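Asker: Sequence and predicted structure below; questions after.
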Amino acid sequence: MKVDERFLTEQGPEIFTGNELLLKGALETEGGVHLLGGYPGSPVAGFFDAIRLAKDLLNAKGIRAVINNNEALAAAMLNGSQLADCRAMIVIKSVGVHVAADALALGNLAGASSKGGAIVVYGDDPWSDSTQVPADSRFISKHLFIPTIEPSTPQEVKDFIDLGFKLSASSELFVGYVLTTNLADGGGTVICKPNHYPHLSTKQRMVLESEAIDLDKRVLLPPKTWWQEATLPERHRRAVLNARQLGFNKVIYPSDGPDKKEVGFITSGLACAYLLQALAEMDLLGEFPILKFGMSYPIDAELVEQFAQNCQQIIVVEERRGFLEEQVAQVITLARQRNHPAGNVRLWGKRFPDGLEGIPSERGLHPSILIERIGKFLKSIFDKKTRGLRGKDGFEGAEDGESQDNLLVRQISAINREMEIIQQTEQVDVGPLPVRLPTFCPGCPHRDTANVCLEIKKRFMDADYMKRVHNRGPVDLVFHGDTGCYTMLMYPPNTPLMHDYSGMGLGGGTGAGVDPFITNKQVVFMGDSTFFHSGQVAISQAVKLGQDITFIVLDNRTTAMTGHQPTPGVEYDVVGNPTPIQDIEQVIRGIIPSTDAIIVRVNPERREEYRRLLEKTFLADGVKVIIADKECGITQNRRKK
């Protein structure tokens, strides 16, 4: 059995990436995990690479691991697993959560099994460096009533999986698990625990007693829907209590005296790590209490009140929008209405007092941003206390046993020092740097298609060429965007080949909105993985609506964009088991029954033949499909080696 030995480590330290820690955490889950699935997308595609590293172990222990065709199917699979009291986890990127929302809403409302558990890992990209829309999955998780946990460190990335399953089972709710880019792609050293393997498995199956299934929970249609909705408050209450018992939420550097602290912080996720580093850089670590929420929804109101009554002011530090801040503000408002001491605290987050910039709500965070924003806030407080001290700035060092004034002066000096370093760094002139935009890999078959289509688009606007070759006037080609490696058509020199974008598999759907009103010929690129994800539905709709559009299906036999995971079009799955090959051309011929329709498979490397075929196809009427059949250069090279 060939298995990366790290996944077999039972004690002591080991190094993993964040995505690998998801799998190690699943393997360490008490009672064993039964089912792993999802759909690859940045920043969590590496989870499926980790599965391949441990595929022999998973197969030997009967743990089912799959790549679903899309995120909605992954969520439906998660729902089904709860019928057999399984512990199941799916891993999807933030925009995939939108695709899966319908099934997740129903699954969570029906509930996780009290003997199993369901975790949905949301791969979030706070900086939007690899994600098409700025997403914060905490909000959709709350919309679906799914409790949300956020690890802050590599150790928590691993340990929160086991704890998440316990939370799910005890509350009978799905658990949303936010893993952001820097944690997913990063990682570190963690302390390992022994693996657990399930008794129920693909090798040791059971008979599901259908009469024992609670249809009032599992078949959610009115009036059963609102019956089950009425149980949510109690299940959320259990989630809060169990999160407290499991240690998800904790106060770091608690107050050690009767006096209120001038400032306290509330934070979650990787923002907590950034905050700790920022305070350490400013020599302020340990000076202020920090309430860290490992479960950021539903919030533990009692814990917030206890914390708030010991602080004069609270700063909420979180990446992106004010998710925690909104909940904390509600708790404090309710406390004020009850004349509870917690209602007297002043709350800051996305807005700071006196015109100071608050914590940004766009893109992500890092320690330097927090030093600039929080440093100015704290400095304004310290300055008020040190007015009238000697010297221009009053910044003189002090030793142990120093007076309160000298301590404040030293703290201000540390803040100024760090802010000055940031300012000096900003002013450094590193000179002109060469710009290298994302582009196709050497040997990528999509280069062939892009180059030919650029040439055709230019030729089609040449009146003389069109009259001489095609006996018609110029044609302005419109290219509707889609998701895959070919999304890099947005960058020069290929920008004329992507005019809009609606999401994965939706290029043809975008075209449907403008098709009835224009005379342009339209083209959509579609990857093989995208075809099986949702693209074939767009082709079906195009046929039904009578669109005039050409689909170019780029069949390179892999999910190249996210790390070469297998597709339904190859003969094996993610754990190496043999599977039937689903032929794209045969599927399309079932969708487009007309014998006159253009459905052609061609090697795009044959440039002149390919160009002539595309020109003829673009100008023909109706739905046409060209399958550009050429293997990804990377997988081809690996296979040959």
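Answerer: Ah, there it is.

Asker: what's the average pLDDT for stretch 538-557?
Answerer: The pLDDT scores in stretch 538-557 average 96.

Asker: buried ones in it?
Answerer: For stretch 538-557, burial by neighbour count (16 or more other CB atoms under 10 Å) applies to 538-543, 547-557. In short, each C-beta sits where N, CA and C put it, glycine included.

Asker: Sort out for me which of the residues you listed are in helices.
Answerer: Among those, DSSP state H puts 538-543 in helices.

Asker: Could you check the pLDDT of Leu407?
Answerer: With respect to pLDDT, Leu407 has a value of 78.

Asker: Could you name the specific helix or strand carrying it?
Answerer: helix 404-427 (DSSP states H and E).

Asker: just Gly96 next, same as before
Answerer: With DSSP H and E as criterion, Gly96 is part of helix 94-110.

Asker: Can I get that helix in PDB, CA atoms only?
Answerer: C-alpha atoms of helix 94-110 as PDB (Å, rounded to 0.1, in the frame of the first residue of the first chain):
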ATOM      1  CA  SER A  94     -17.000  30.000  -2.300                       C
ATOM      2  CA  VAL A  95     -18.800  30.400  -5.600                       C
ATOM      3  CA  GLY A  96     -19.600  26.700  -5.500                       C
ATOM      4  CA  VAL A  97     -21.500  27.300  -2.300                       C
ATOM      5  CA  HIS A  98     -23.900  29.400  -4.400                       C
ATOM      6  CA  VAL A  99     -24.400  26.500  -6.800                       C
ATOM      7  CA  ALA A 100     -25.000  24.100  -3.900                       C
ATOM      8  CA  ALA A 101     -27.300  26.400  -1.800                       C
ATOM      9  CA  ASP A 102     -30.600  24.700  -2.700                       C
ATOM     10  CA  ALA A 103     -29.500  21.300  -1.600                       C
ATOM     11  CA  LEU A 104     -27.700  22.700   1.500                       C
ATOM     12  CA  ALA A 105     -30.700  24.600   2.600                       C
ATOM     13  CA  LEU A 106     -32.900  21.400   2.500                       C
ATOM     14  CA  GLY A 107     -30.200  19.200   4.000                       C
ATOM     15  CA  ASN A 108     -29.500  21.500   6.900                       C
ATOM     16  CA  LEU A 109     -33.200  22.000   7.600                       C
ATOM     17  CA  ALA A 110     -33.800  18.300   7.600                       C
END
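
Asker: Mind giving me the packing neighbours of that helix?
Answerer: Packing partners of helix 94-110 (3 or more CB pairs under 8 Å, 6 or more residues apart in numbering; DSSP states H and E): helix 71-81, strand 87-93, strand 117-124, helix 137-143, helix 224-229.

Asker: Adding mean pLDDT, mean neighbour count and distance to Arg387, write these out as a markdown table.
Answerer: Formatted as a markdown table, the helices and strands packed on helix 94-110 follow (pLDDT from 0 to 100; neighbours: other CB atoms under 10 Å; distance: least, CB to CB, whole Å):
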| stretch | mean pLDDT | mean neighbour count | distance to Arg387 |
| --- | --- | --- | --- |
| helix 71-81 | 98 | 23 | 57 |
| strand 87-93 | 98 | 30 | 51 |
| strand 117-124 | 98 | 30 | 43 |
| helix 137-143 | 97 | 21 | 41 |
| helix 224-229 | 93 | 14 | 57 |
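
Asker: can you tell which of those is closest to Ala101?
Answerer: helix 137-143 (6.4 Å; CB to CB).

Asker: who does that closest one touch, helix- and strand-wise?
Answerer: Short answer (3+ CB pairs under 8 Å, 6+ apart): helix 137-143 packs on helix 94-110, strand 117-124, strand 148-149, strand 175-180, strand 295-297, helix 323-337.

Asker: Identify the residues contacting the fourth one?
Answerer: Strand 175-180 is contacted from outside by 18-19, 22, 43-44, 112, 117-126, 137-138, 141, 146-151, 157, 160-161, 164-165, 167-168, 269-270, 296-297, 319, 364, using CB atoms under 8 Å, 6 or more residues apart in numbering.

Asker: Good, we can wrap up now.
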